[in-house]
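> Give me a 3D structure for the following:
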Amino acid sequence: MLFISWEIIKMNNVENLTVKLNENDNVATALREINAGETTQDLESKNIIPKGHKIALRKIVKGEKIIKYDQLIGIA
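Numbers count the residues shown, from 1 in each chain. Model prediction:
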């Protein structure tokens, strides 16, 4: 059985824009459309990010594992 600890990130006490599901994840999921210029996870969006899309929380190089739910979900 997989247990997920939810870590909701609140930036500037405005609202939750993304959710990081596990402390080991290197991606977060947009909870709503994020507009260019908005900040979440200490990152500023340069483009519109649609609701439900994943965002990299740090630079991910080609061949590196994509981790969500503390599980491998893909390779960059």
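
> element containing the most centrally placed residue in the chain, please.
The C-alpha lying nearest the average C-alpha coordinate of the chain belongs to A28 (CA atoms, centre = their mean; 1.4 Å). Under DSSP states H and E, the secondary-structure element containing A28 is strand 27-30.

> Return the list of strands paired to that strand, each annotated with direction.
According to DSSP bridges, strand 27-30 forms sheet pairs with strand 15-20 (antiparallel), strand 54-56 (antiparallel).

> Would you point to the one among these that's packed deepest?
With neighbours defined by mean count of other CB atoms under 10 Å, none of the strands paired with strand 27-30 is more surrounded on average than strand 15-20, at a mean of 18. Where you see a C-beta, it was placed from the backbone N, CA and C, and this is true even at glycine.

> Centre of the chain to it, how far?
Per CA atoms, centre = their mean, to the nearest Å, the displacement of strand 15-20 from the mean C-alpha position of its chain is 8 Å.

> pLDDT on that strand, on average?
The predicted model assigns strand 15-20 a mean pLDDT of 86.

> and what of stretch 52-72?
95.

> now stretch 34-44
Mean predicted lDDT for stretch 34-44 stands at 92.

> thinking again about what came up before, could you export the strands paired with strand 27-30 as JSON lines, including distance to E44?
Shown next, in JSON lines, are the strands paired with strand 27-30 (distance: least, CB to CB, whole Å):
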{"stretch": "strand 15-20", "distance to E44": "11"}
{"stretch": "strand 54-56", "distance to E44": "11"}
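
> quick one: which of these is nearest T40?
Each of the strands paired with strand 27-30 was checked against T40 via CB to CB, and the shortest separation belongs to strand 15-20, namely 3.9 Å.
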